[in-house]
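Engineer: Prediction below, plus the sequence it came from.
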Amino acid sequence: MVMKKIKKLVVGNWKMNPTSLSEAKTIATTVKRGLRNIKKTQVVLCPPYVYLSGLSHMPTTILFLGAQNAFHEPSGSYTGEISFSQLHQFKTGFVIIGHSERRAVGETDEVINKKVRSVIDEGMTAILCVGEKIHDVHGDYLALVRQQIITGLRDVSKKMLDHVVIAYEPVWAIGAKDAMAPADVHEMSIYIKKVLKDIFGVLADSIRVIYGGAVTEFNAKDIIADGFLHGFLVGRDSLKPKSFLEIIKVVEGK
Ligand code: PGA
């Protein structure tokens, strides 16, 4: 199978960290400085909303800002919510949608689909997170991941597929000590590619597939060695610039 030449991708999901804007600026500036020789990989930093404004001068052609979530309506009486159009003014280019920590507080595949479409309508890229809670021996997780993708991408126009990234994150590996075994990530990346081909045909090649869950500078190389992965979604280690930059170098050199 020939993969279309598209940029690789490393996304840092900072979650509810760090505790101040000045720390956020230090992390982002250190990462930015370390990207001097990076040409083939896009790097996305996803800080908490409240730091987006303070970091909105950061984006370059390689470094992007992302958000961790948003609400699908453009405006209105939705106390506590933030719309995708509001995010866009801070040069936010990507939004993580359907992270397992959002699914855990009640986000359904249907809500996630509305959000994916709103992100794309706003001209940003949706990073749709999918993944099973249990990697059972019967393979039930395959149907679950398939369904998450089918519903999450329902009514997404084939013309907009370069605005879609699938982040495969087995829930049990997120925040865990060890990542999924490289051979299993390889198998899942092939499976996800197949599901995308079933839905979108050859145009599915524009969709990037990345892996997340306990990625470190030490395991990144083995995980990305095989399979159809375009990069990683990194949690904890995205807050440590040195480690994060090492992961980016692995992806760049693949
Ligand atoms: P982790 O988190 O890298 O800390 O396991 C990944 C994620 O939640 O996206």
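Structural biologist: Structure's in. What do you need? Numbers count the residues shown, from 1 in each chain.
Engineer: So which bits of the stretch 1-150 of the chain are right by the ligand?
Structural biologist: residue 13 (Cβ under 6 Å from any ligand atom). C-beta coordinates here come from the backbone N, C-alpha and C atoms, glycine included.
Engineer: In contact with the residue in the stretch 1-150 of the chain positioned nearest to the ligand, which residues?
Structural biologist: Residue nearest to the ligand within the stretch 1-150 of the chain: residue 13 (4.4 Å; Cβ to the nearest ligand atom). With contacts defined as Cβ atoms under 8 Å, 6 or more residues apart in numbering, the neighbours of residue 13 are 46, 68, 96, 99, 212, 233-235, 238.
Engineer: now residue 148
Structural biologist: Under the criterion of Cβ under 8 Å, 6+ apart, the contact partners of residue 148 comprise 98, 109, 112, 130-131.
Engineer: List the single closest residue to whichever residue of the stretch 151-254 of the chain sits closest to the ligand in space, sequence neighbours excluded.
Structural biologist: When scored by Cβ to the nearest ligand atom, the stretch 151-254 of the chain has residue 235 as its residue closest to the ligand, at 2.2 Å. Beyond its immediate neighbours in the sequence, the residue positioned closest to residue 235 (Cβ to Cβ, 6 or more residues apart in numbering) is residue 13, lying 5.1 Å away.
Engineer: And that neighbour, what's its pLDDT?
Structural biologist: At residue 13, the model reports a pLDDT of 98.
Engineer: Quick check: it vs residue 210, distance?
Structural biologist: According to Cβ to Cβ, to the nearest Å, residue 13 stands 11 Å off from residue 210.
Engineer: same check, this time on residue 10
Structural biologist: 8 Å.
Engineer: circling back: partner residues bridging the residue nearest to residue 235?
Structural biologist: With DSSP bridges as the criterion, the beta-bridge partners of residue 13 are residue 46.
Engineer: Just give me how far stretch 231-243 sits from the chain centre.
Structural biologist: Taking the mean of its C-alpha atoms, stretch 231-243 sits 12 Å from the chain's own mean (Cα atoms, centre = their mean, to the nearest Å).
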